[in-house]
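Colleague: What follows is a predicted structure for the sequence shown.
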Amino acid sequence: MPRQKNASPSYLLHQRSGQARVRLTEKDGRCREHYLGPYGSPESWEKYHRLVAEHLQESGNDVSDAAKVDEDLSIAELVVEYDEFSREYYVKDGEITNDRFRAVVSPLVSLYGSTPAREFGPNKLRTVREHIIARGHAGQAEYDERGKLLEPGEPLSRKYVNALIQDLARMFKWGVSRELLPASVYDSLRAVEGIRKGKDNRLREAAPVKPVPEEHFDAVVAAACPQIATMLQVQRLAGMRPDELTIMRPRDIERTRDVWIYRPESHKLDWQGIDKEILLGPQAQTLLGPWLEGRDEDAYLFSPKEVAEASYLARRTREKKKPRKSRRKRPPREHYSDDSYRRAVQRVCKAIGIPSWSPGRLRHNAGTQVREAFGVEAAQLVLGHRKLSTTEIYAEKSREKYEEIIREVG
């Protein structure tokens with residue numbers, strides 16, 4: 001049965017945000033979505049009826065006068081707009097990179113979802129921060145800023161809370177840049193200082209990151225699958241970041257000299273237009289050799305898909321019958337992400353009964369080893385901590401020193 005032309009538009013649910021919404025067709029024929037506030041709330045129904053009444057009146061229906069639509073963008077509407085933007089903008093290697101922002105959305109919307117975004121100021125921002133601190137960790141599977149799995153009820157770290165508030169303020173900055181909000185909104189939020197060390201005993205101080213103990217590193221390498229074991233050893237030798245290691249391909253490695261040069265397709269500072277070179281010495285070359293042999297130039301060296309296939313064949317051989325295939329909701333990816341690499345290492349830690357650690361800490365192992373042997377400036381070279389203002393002469397000398405170090409330790 002065809003829908004009546006003047007039937008009232010439906011009251012709908014926006015799944016990601018939990019907001020109520022209604023779709024209205026404008027005079028130019030375009031369909032526009034209006035967000036109404038928390039789904040099922042009295043405020044959302046009030047706004048729904050008001051919008052529909054005015055829409056029907058403009059369409060020529062005989063309805064009573066209704067109050068004009070509140071054109072102020074609400075906090076909930078701003079969150080939805082920013083979420084849609086960030087899902088396209090904050091993406092790297094197919095992964096959304098601003099997941100931390102999700103942790104602050106819930107308290108913000110629950111406290112001020114229907115509040116006009118232009119009315120959000122320093123006091124409201126501090127209230128959201130207080131709510132986050134008081135709530136602490138809710139017990140779901142979350143990781144702190146160091147990649148450590150938080151235990152239920154464990155207090156958040158001061159740096160993490162400050163980072164959440166900075167992420168929240170960034171959303172309002174985006175709103176100003178899109179002319180959705182007046183500049184005064186973001187300017188006022190910038191006046192809220194971060195929590196300083198020792199000023200709030202409800203928060204913990206994040207422990208300094210230390211190198212992975214040698215015995216724990218060796219134990220994981222011995223127990224892990226060949227891909228993960230090789231990745232860990234190469235990362236420790238080269239001092240590279242996890243997200244640089246996981247995307248390694250043959251085409252990215254120049255193998256014409258005694259010291260190989262790896263140029264990752266993507267890295268932490270590529271958004272600044274900086275090209276990065278990671279040198280690979282004899283030990284790293286020996287480890288990588290079997291993974292380079294016969295592999296397509298565009299194929300990733302370390303593939304979760306290959307790990308899954310090898311595991312399936314091993315079970316089939318061991319059980320002497322065709323085992324059931326994994327019930328994964330989606331097939332393994334062609335390469336590890338930073339997160340999946342960390343989880344793979346931490347699963348091995350749990351299986352062998354040692355304290356969990358993150359692969360990112362291996363940079364500290366590499367830095368410590370080089371610093372003890374060659375000094376702090378050499379460690380900065382290996383870890384890639386260079387200033388953009390370095391002169392060309394100094395950079396050339398640094399490169400020669402870098403190669404000398406890698407020949408010996410890498």
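Modeller: Thanks, I have the structure now.
Colleague: Next one: residue 250 from residue 301, what distance?
Modeller: According to CB to CB, to the nearest Å, residue 250 and residue 301 sit 7 Å apart. Using the backbone N, CA and C atoms, a C-beta is placed for each residue, glycine as well.
Colleague: what do those two both touch?
Modeller: 292, 295 (CB atoms under 8 Å, 6 or more residues apart in numbering).
Colleague: May I ask you to confirm that residue 22 belongs to a helix?
Modeller: No: counting by DSSP: H, G, I helix; E, B strand; the rest coil, residue 22 falls outside a helix, being strand.
Colleague: which other residues reach stretch 224-237?
Modeller: Against stretch 224-237 from outside (CB under 8 Å, 6+ apart): 217, 220-222, 240, 242, 245-246, 280-281, 283-284, 287-288, 291, 302-303, 306-307, 310-311, 336, 341, 344-345, 348, 359, 362-363, 365-366, 409-410.
Colleague: Mind checking which of those residues are in strands?
Modeller: Among the contacts of stretch 224-237, DSSP state E puts residue 280 in strands.
Colleague: ok, of the contacts of stretch 224-237, which come out buried?
Modeller: 217, 220-221, 240, 242, 245-246, 280-281, 283-284, 287-288, 291, 302-303, 306-307, 336, 341, 344-345, 348, 359, 362-363, 365-366, 409-410 (16 or more other CB atoms under 10 Å).
Colleague: from the residues you listed, which ones fall inside helices?
Modeller: 217, 220-221, 242, 245, 283-284, 287-288, 291, 306-307, 341, 344-345, 348, 362-363, 365-366, 409 (DSSP state H).
Colleague: If you tally nearby residues, what's the number for residue 251?
Modeller: Number of residues near residue 251 (other CB atoms under 10 Å) recorded here: 12.
Colleague: pretty sure it contacts residue 298?
Modeller: Yes: the pair residue 251 / residue 298 is scored as a contact, 6.0 Å apart, by CB atoms under 8 Å.
Colleague: ok, back up a step: can you pick out the residue with more neighbours from residue 250 and residue 301?
Modeller: Between residue 250 and residue 301, counting by other CB under 10 Å, residue 301 is the more crowded of the two (23 against 18).
Colleague: ok, now how distant is the more buried one from residue 223?
Modeller: Taking CB to CB, one finds residue 301 at 21 Å from residue 223.
Colleague: and the helix ranked longest in the chain, what's its mean pLDDT?
Modeller: Ranked by residue count and defined by DSSP H, the top helix of the chain is helix 158-177. Helix 158-177 carries an average pLDDT of 91.
Colleague: Stretch 26-36 now?
Modeller: 77.
Colleague: Could you list the buried residues of it?
Modeller: Those would be 34-36, for stretch 26-36 by 16+ other CB under 10 Å.
Colleague: avg pLDDT for stretch 284-291?
Modeller: 92.
Colleague: With just CA atoms, put that stretch into PDB.
Modeller: Extracted in PDB, the C-alpha atoms of stretch 284-291 (Å, rounded to 0.1, in the frame of the first residue of the first chain):
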ATOM      1  CA  ALA A 284      67.500  -7.900  11.000                       C
ATOM      2  CA  GLN A 285      68.300  -8.900   7.400                       C
ATOM      3  CA  THR A 286      68.800 -12.500   8.500                       C
ATOM      4  CA  LEU A 287      65.500 -12.500  10.300                       C
ATOM      5  CA  LEU A 288      63.600 -10.900   7.300                       C
ATOM      6  CA  GLY A 289      65.200 -13.000   4.600                       C
ATOM      7  CA  PRO A 290      62.800 -16.000   4.800                       C
ATOM      8  CA  TRP A 291      59.800 -13.700   4.700                       C
END
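Colleague: Pull the residues that contact that stretch.
Modeller: So stretch 284-291 is contacted by 230, 233-234, 237-238, 253, 255, 260, 280, 301-302, 410 (CB under 8 Å, 6+ apart).
Colleague: Please produce TSV containing these, extended by pLDDT and distance to residue 176.
Modeller: Below are the contacts of stretch 284-291 laid out as TSV (pLDDT from 0 to 100; distance: CB to CB, whole Å):
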residue	pLDDT	distance to residue 176
230	94	47
233	94	48
234	92	44
237	89	46
238	87	42
253	92	44
255	92	49
260	92	47
280	89	45
301	91	44
302	89	42
410	68	47
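Colleague: quick one: the strands in this structure?
Modeller: Under DSSP E, the chain gives strands at 12-14, 19-25, 31-38, 91-92, 95-96, 253-254, 260-262, 278-280.
Colleague: Quick one: distance of the third one to the chain centre.
Modeller: The one in question is strand 31-38. 28 Å (CA atoms, centre = their mean, to the nearest Å).
Colleague: partner strands of that strand, parallel or antiparallel?
Modeller: Applying DSSP bridges, strand 31-38 is found paired with strand 19-25 (antiparallel).
Colleague: Identify, from the contacts of stretch 284-291, the entry nearest to residue 44.
Modeller: Using CB to CB, residue 302 comes nearest to residue 44 of these, at 48.1 Å.
Colleague: Put the alpha carbons of stretch 156-173 into PDB.
Modeller: Extracted as PDB, the C-alpha positions of stretch 156-173 are listed here (Å, rounded to 0.1, in the frame of the first residue of the first chain):
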ATOM      1  CA  LEU A 156      42.100   6.600  35.200                       C
ATOM      2  CA  SER A 157      45.500   8.300  34.800                       C
ATOM      3  CA  ARG A 158      45.800  12.000  34.900                       C
ATOM      4  CA  LYS A 159      47.300  12.300  31.500                       C
ATOM      5  CA  TYR A 160      44.500  10.200  30.000                       C
ATOM      6  CA  VAL A 161      41.800  12.400  31.500                       C
ATOM      7  CA  ASN A 162      43.600  15.500  30.200                       C
ATOM      8  CA  ALA A 163      43.800  13.900  26.800                       C
ATOM      9  CA  LEU A 164      40.100  13.100  26.800                       C
ATOM     10  CA  ILE A 165      39.200  16.800  27.600                       C
ATOM     11  CA  GLN A 166      41.600  18.000  24.800                       C
ATOM     12  CA  ASP A 167      39.800  15.700  22.400                       C
ATOM     13  CA  LEU A 168      36.500  17.100  23.500                       C
ATOM     14  CA  ALA A 169      37.700  20.700  23.000                       C
ATOM     15  CA  ARG A 170      38.900  19.700  19.600                       C
ATOM     16  CA  MET A 171      35.400  18.900  18.500                       C
ATOM     17  CA  PHE A 172      34.300  22.400  19.400                       C
ATOM     18  CA  LYS A 173      37.300  23.800  17.500                       C
END
